[in-house]
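Novice: got a structure for you, letters missing:
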């Protein structure tokens, strides 16, 4: 049986502001349903992704900005970071982790620049949406076997 992750719900305080932020990143608008004063569902999909995010009103009890560590994969971390910065996103510099395995929470263990060997899975940049939900770009050029 396949279990495919398709949708992640992001808590936001201002639906229209969040929608504009994600559309600025070229997330495709899949749905925007208003079902009364207290319920709105907006679904957006990152370019090239099969998984989407849902923002809205009345869709989650989580606090706005409380989701951290969402990863989006890119094949060129430097170019992707430059593209997001050009769109006005406040994005970190490209970094790799001091331990060389995976990035730590927050900014602990960050070393400036991409992975010295540009190994797949080893270079990152981070940004947040207007509410503080945290995203990480991760460079993957060659996938590990079986993925």
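Specialist: That came through, no problem. Remember, it's a predicted structure, so these values are computed and weren't measured experimentally.
Novice: ok, now which ones touch the closest residue to residue 122 other than its chain neighbours?
Specialist: Spatial nearest neighbour of residue 122, chain neighbours left out: residue 115 (3.3 Å); criterion: Cβ to Cβ, 6 or more residues apart in numbering. Glycine gets a C-beta too; all of them are placed from N, C-alpha and C. By Cβ atoms under 8 Å, 6 or more residues apart in numbering, the residues touching residue 115 are 96, 100, 122-123, 139.
Novice: filter these down to the buried ones.
Specialist: 96, 122-123, 139 (16 or more other Cβ atoms under 10 Å).
Novice: domain parsing for the chain?
Specialist: 7-57, 70-139 (automatic domain parsing).
Novice: turn those into a markdown table, including mean pLDDT and distance to residue 145.
Specialist: Putting the domains of the chain into a markdown table (pLDDT from 0 to 100; distance: least, Cβ to Cβ, whole Å) gives the following:
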| stretch | mean pLDDT | distance to residue 145 |
| --- | --- | --- |
| domain 7-57 | 97 | 21 |
| domain 70-139 | 94 | 12 |
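Novice: could you dump the ones you listed into CSV with distance to residue 64 added?
Specialist: Compiled in CSV, the domains of the chain are given as follows (distance: least, Cβ to Cβ, whole Å):
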stretch, distance to residue 64
domain 7-57, 4
domain 70-139, 4
